[in-house]
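>>> Sharing a sequence plus its predicted fold:
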Amino acid sequence: MPRYEYRCRTCGDTFELSRPMAESAAPADCPAGHDDTVKLLSTVAVGGSASAQASAPRAGGGGGGGCCGGGCCG
């Protein structure tokens, strides 16, 4: 279940709640009992590596674009 971060406008505390995505925009009460909260925008970490993506074969086969992919470099 995703975790969402909220900030209480009354006391300034930040807190997290685990809830279904369908309820992510639903109002959240502060642990101190306040109901004036706002959902914060969180950063997302994505796994994988750039080198694995760069070495993956491209659809359509053949060379890539650009100078070095097109063979114009010596």
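The structure has been received and is ready for your questions.

>>> wouldn't Ala28 be in contact with Thr14 here?
No: in this structure, Ala28 is not within contact of Thr14 by Cβ atoms under 8 Å, at 11.2 Å. C-beta here means a position set from N, CA and C on the backbone, and glycine is covered the same way.

>>> Spit out the residues that contact these two alike.
Common contacts of Ala28 and Thr14 (Cβ atoms under 8 Å, 6 or more residues apart in numbering): Tyr6.

>>> Under the pLDDT cut-off, which ranges of this protein? List them.
44-46, 48-74 (pLDDT under 70).

>>> which residues in it form strands?
Applying DSSP state E to the chain gives strands spanning 3-8, 14-18, 37-39.

>>> Adding distance to Gly47, write these out as TSV.
Below are the strands of the chain laid out as TSV (distance: least, Cβ to Cβ, whole Å):
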stretch	distance to Gly47
strand 3-8	17
strand 14-18	20
strand 37-39	24
